[in-house]
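[1] Dropping a prediction and its sequence here:
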Amino acid sequence: MNEIGIEIRDSLNVDEYNNLRKQVGWESKNPIVVEKAIKNSTIVKKAIYVNCAVGMARAIGDGMSYLLVDVVVNSKYQKKGIGKKLVNSIIDEIKGNTIVGEYSTINLISIKGMEKFYESCGFEAVPFGYNGNGMRIKIEK
């Protein structure tokens, strides 16, 4: 298998989402929550190989700032350019939607150990320039 057999589509369903999470050792999420998250995403991408979802990525945004989330590639298909193809398809869509003379930013919080992957896609580690450390709060109920 190589990147040529991969098709990127602008869709993702709840089962594909949870199956991909399971394939990389992440827990499944409540289908109601997943459905709402997909619906509220600005950009949704999935990688298809032989009619099967082998990767996904989402971006949440408002036209100026975006958050890249859920970049997942099935463990069996990692290191084959699929993740980069997914991330680049999101970057390209955001570029296409950015008004000439303006700019958009894409932020993310990398899974530990994946920083080099995102750097290979053009992201810079924070802090740099006027940016401070990235921050996060987890709300549980």
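    The structure has been received and is ready for your questions. Numbering: from 1, shown residues only.
[2] the helices in the chain, which residues?
    Using DSSP state H, the helices of the chain run over 14-23, 31-40, 82-97, 115-120.
[3] quick one, which of those is nearest to residue 137?
    Distance to residue 137, taken as CB to CB, is lowest for helix 31-40 among the helices of the chain, at 17.5 Å. The C-beta positions use only the backbone N, C-alpha and C, and glycine is treated the same way.
[4] For the most far-flung residue of the chain relative to its centre, give its distance to residue 94.
    Distance from the C-alpha centroid of the chain peaks at residue 101, with 25.9 Å (CA atoms, centre = their mean). According to CB to CB, to the nearest Å, residue 101 stands 16 Å off from residue 94.
[5] residues contacting the residue most central in space within the chain?
    Closest residue to the average C-alpha location of the chain: residue 57 at 2.9 Å, with CA atoms, centre = their mean. Counting by CB atoms under 8 Å, 6 or more residues apart in numbering, residue 57 touches 44, 45, 68, 69, 70, 71, 72, 83, 86, 87, 89, 90.
[6] Give the bridge partners for it, please.
    residue 45 (DSSP bridges).
[7] Residue 29 and residue 37: what is the separation?
    8 Å.
[8] Mind checking which of these two has more residues around it?
    More neighbours surround residue 37 than the other of residue 29 and residue 37, with 18 against 15 (other CB atoms under 10 Å).
[9] dump the residue contacts of the more buried one.
    29, 58.
[10] rerun that using 10 Å as the cut-off
    12, 14, 17, 29, 44, 58, 60, 69, 70 (CB atoms under 10 Å, 6 or more residues apart in numbering).
[11] And for residue 71?
    Residues in contact with residue 71 (CB under 10 Å, 6+ apart) are 45, 55-59, 83-84, 86-87, 90, 108, 110-111, 114, 117-118, 121.
[12] How about residue 77?
    1, 6, 23, 47, 49, 52, 54, 55, 83.
[13] would you turn those residues into CSV with neighbour count and pLDDT?
    Formatted as CSV, the contacts of residue 77 follow (neighbours: other CB atoms under 10 Å; pLDDT from 0 to 100):
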residue, neighbour count, pLDDT
1, 12, 51
6, 19, 94
23, 17, 96
47, 27, 98
49, 19, 95
52, 11, 95
54, 24, 98
55, 25, 98
83, 23, 97
